[in-house]
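Enquirer: Give me a 3D structure for the following:
(chains A and B)
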Amino acid sequence: MNRKYVTAFVAVFVLFLVAWAGVSIGLQWLFGVVIPYLAVLLFAVGFVRRVMGWSRSAVPFAIPTTGGQAKSLPWIAYSRLDNPSSKWEVVGRMAFEILTFRSLFRNTRTKMQAGSLFYQLEIFLWVGALAFHYAFLTVLLRHTRFFTEPVLWPIQILENIDSFFRVEILYPGIQFGLPAVYLSGLVLLAAVVYLALRRVLIPSVRYISIASDWFPLLLIFGIAFSGVLMRYVTKVDINAAKQLTMGLVTFRPTVPDGIGAVFYIHLFLVCVLLAYFPHSKLMHLAGVFLSPTRNLRADTRAYRHINPWNHPVHLHTYQEYEDEFREKMVEAGLPVDKPLDASAEANADKE
Amino acid sequence: MAEKQPTPKEMLDRIDYQPPHVDWMETPLDIRKGMYCYAANPKSVATLGLPNARPWNPLDADWKLPENWQQIIHEGFKERLERFRSVKVFMDICVRCGACADKCHYFIGTGDPKNMPVLRAELLRSVYRNDFTRLGKLLGKANGARPLTLDVLKEWWYYLFQCSECRRCSLFCPYGIDTAEITIFGRELLNLVGLNIDWIATPVSNCYMNGNHLGIQPHAFKDMLDFFVDDIEEKTGVKVAPKYMKKGADILFITPSGDVFADPGTYTAMGYMMLFHYLEEKYGLDVTWSTYASEGGNFGFFTSHETMKRLNAKMYAEAKRLGVKWILGGECGHMWRVINQYMDTMNGPADFLDVPVNPITGTRFESARSTKMVHITEFTADLIRNGKLDLDPARNDHLKVTYHDSCNPSRGMGLFEEPRYVINNVCKHFYEMPANTIREQTFCCGSGAGLNAGENMELRLSGGLPRANAVKHVHEKYGVNMLACVCAIDRAALPTLMDYWVPEVQVTGVHELVANALNLPGQAERTTNLRGEDLEELKAQAEGETDEG
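Expert: All right, here's what the predicted structure looks like:
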């Protein structure tokens, strides 16, 4: 057993118990109203502070990683996305990076066989990461239905697409049906499981993982799992839940009766995630936009990048150099600024 | 080298990508001979006015640090978090997905898990969490944080000098986290308490005082070029006449001093001299060398941003003093990252120079209009494209050439097509190495960023393994016998690497190939190449090999 994921697992389990116990002893207001407000506040403040902190730091040099041919001679085609020389090309590079995880798509796996190295395409991390992030995004967007009345039409369309898959058994005698199954929730769970398994099964990834890699994974698993549980198994009172969430966004908080404990557990885990977010690696969400190896133009020979703290430095000037080597230079027939005689006289004058 | 070099087979057998069972923070540091470079000579450190000049030995327990070294590092760290957004963001956003883990040549060649880029960064990140984040302070080790102890500092030193700042990991990172940035920053911190290596400190001090890393004094520099003049005359019957510090010349030419010093770089240096002679005879182009700015490379880049600026300043200063129109730069790796991404920002604006125009072809190098500095392969490619060179590629017919993209011109510039265009115009037989080992995915020679010393040979040979392996592949498949490159460190490091892993392959600069193909006006019959090898014999030999194959 690995101490790191045990620590993270225990932490998430304790959080689960806290919410469960809290709701059982009637702390619905705390878990349904106070903590959510607090969490959103912590998230917003923490997020903004972190991004401001990054923005305050200087970008002294333009250091894009160039992944393709530079724009140079006009008859050489250059790589607009991987060696962007204009603002719009940078926008393109960033868009592909953020929307399609382009750099990760390059991933290979190094293997050594009989003294030869092989670099195989390794697509699974890219697939898993895309599945995870897009499923998460879809789930998030779907959840705006709890904070809007009426529900926005794009969200309804999204829900329809997401729930095209249905589980219904309609035979005489057996009548069984689940509410529309949202694929995004299941994909999210599957992706989280995949990302967690990677951390266990791939030795190098296991070796580099720390507790703060496990904690958000398990937390998100807990959130997705409690969500799925609520929807398909324990059947939470959706209308009551929406009453609570609408109360939160309209700043007229209410706590309707009988929503069910799973809902509060789900909500509490989400709150923990929000509060934890700005202090964690999850900030890669914002950081990727500020990465100086990706978001700068690679046209540094054509346009001067300005360094706000360009420190003055000590130099060894040509004059000092010539003073030291003048005789040898003259002897070797190298040109000098001050001829030997003149400089000898100048030195004599000085003395 | 104190210890016996392992054989290639021993080296390969030793590589194990399975990480140990013990947590990396618990693994004690083992500073192994063959993997590290000697400590900086105090004289060199003192010449540069850098902190804590004293003799010390990495194998000693006491590294003779200043008493308040922890405070110095902490404050240096803090200051640099504000100075470099890259560092600050990269400290915060790594998710440890592991995409970079097996992209580092040092990891591939050693199997040492702390050579995985992610862990190299975690060495510093763990201290960052402890010193600068609330959660790290609160949770400590559970959050991957640890205080900066002497052992941690030693670990930084050991592994930050096992990174060649090649940026291959940054290509694969979904957030563009660049270990080169981490290493540059980390080495800058180490320099604050006097922990540099001599292979960097002494060249830097030499360059600062004498104008080049090797410390060649002006008259000696001219002597060396004079020697090439004789050599060229012997092989071509043409006496070239390089110019030195000529005021009012069209172009100032700056190239790494390594190429005037050691084979096979010397042949590339001769190549430049022949090209400039040709252009002067045919078109009246006026190119000058300088002994003051006689270094293209910049080991200051491997010390600190300030030191890099101090060395680089000579290029513009000399161009200004001589009143040339623009600067032409020779074949070098990190030199071109500095010129492309740092020079103009540090030491510009170069408003005393003209936008570079090739007076022979009329081509205006728009992409270099601010730095006013052009890469020699851009220049030569333009000449060839416009039919301005009289080339006889047949003199390179015995060669089967492959091309090694140097890290810095690849991932810090994007120079891929120009050298290939030149090679293809001066050689008949050109073969690419596998796609995952060239261009933007190219592998380091294993000796970049100041690590091409003799005492760390095992590190160099293992770090160069992925490159050597790819060369071996094309050697076996196509009979490749020549590895071309545009980097002086490559020319110094790759021959050793080839001798060890693929002894049948030699190393050349691109302009050696150009010079061998270039017909000089009034030349005698060219019976040998610049290396003095008989062309007929080489040809017969090559044909023999092909017949057998």
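Enquirer: residues in the stretch 151-300 of chain B within reach of chain A, list them.
Expert: By Cβ under 8 Å from any Cβ of the partner chain, the part of the stretch 151-300 of chain B that sits against chain A consists of B:167, B:170-178, B:181, B:208-211, B:217-219, B:222-223, B:244-247, B:291-292. Quick note: C-beta positions are derived from backbone N, CA and C, even for glycine.
Enquirer: and those, which of them are in helices?
Expert: Within those, residues falling in helices by DSSP state H are B:170, B:171, B:172, B:181, B:208, B:209, B:210, B:218, B:219, B:222, B:223.
Enquirer: Going by distance to chain A, which of the residues you listed wins?
Expert: For those, the minimum distance to chain A (Cβ to the nearest Cβ) is 3.6 Å, reached by residue B:219.
Enquirer: Narrow the residues of the stretch 151-300 of chain B next to chain A to those that are buried.
Expert: Neighbour-count burial (16 or more other Cβ atoms under 10 Å in any protein chain shown) applied to those gives B:167, B:170-178, B:181, B:208-211, B:217-219, B:222, B:244-246, B:291-292.
Enquirer: Can you give the contact residues for stretch A:244-264?
Expert: A:19-20, A:22-24, A:28-29, A:31-33, A:36-37, A:146-147, A:149, A:226, A:229-230, A:234, A:236-237, A:240-241, A:243 (Cβ atoms under 8 Å, 6 or more residues apart in numbering or on different chains).
Enquirer: Show me how far stretch B:330-337 is from its chain's centre.
Expert: Taking Cα atoms, centre = their mean, to the nearest Å, one finds the center of stretch B:330-337 at 7 Å from the center of the full chain.
Enquirer: Can you pull out the low-pLDDT segments for the stretch 101-250 of chain A?
Expert: A:166-167, A:175-178 (pLDDT under 70).
Enquirer: Run through the residues of it sitting next to chain B.
Expert: Counting by Cβ under 8 Å from any Cβ, the stretch 101-250 of chain A comes close to chain B at A:101, A:103-104, A:106-110, A:112, A:115-117, A:119, A:125, A:129, A:198, A:202-213.
Enquirer: where exactly do the strands run in chain B?
Expert: B:243-244, B:251-254, B:287-289, B:326-329, B:373-375, B:401-404, B:482-485, B:506-509 (DSSP state E).
Enquirer: and what of chain A?
Expert: A:108-113, A:116-121, A:168-171, A:174-177.
Enquirer: is it possible to export those to a markdown table including distance to residue A:138 and mean neighbour count?
Expert: Shown next, in a markdown table, are these (distance: least, Cβ to Cβ, whole Å; neighbours: other Cβ atoms under 10 Å in any protein chain shown):
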| stretch | distance to residue A:138 | mean neighbour count |
| --- | --- | --- |
| strand A:108-113 | 29 | 14 |
| strand A:116-121 | 27 | 15 |
| strand A:168-171 | 22 | 8 |
| strand A:174-177 | 23 | 9 |
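Enquirer: Among the residues of the stretch 101-250 of chain A next to chain B, which lie within helices?
Expert: Those of those lying in helices (DSSP H): A:103-104, A:125, A:129, A:198, A:203-208, A:211-213.
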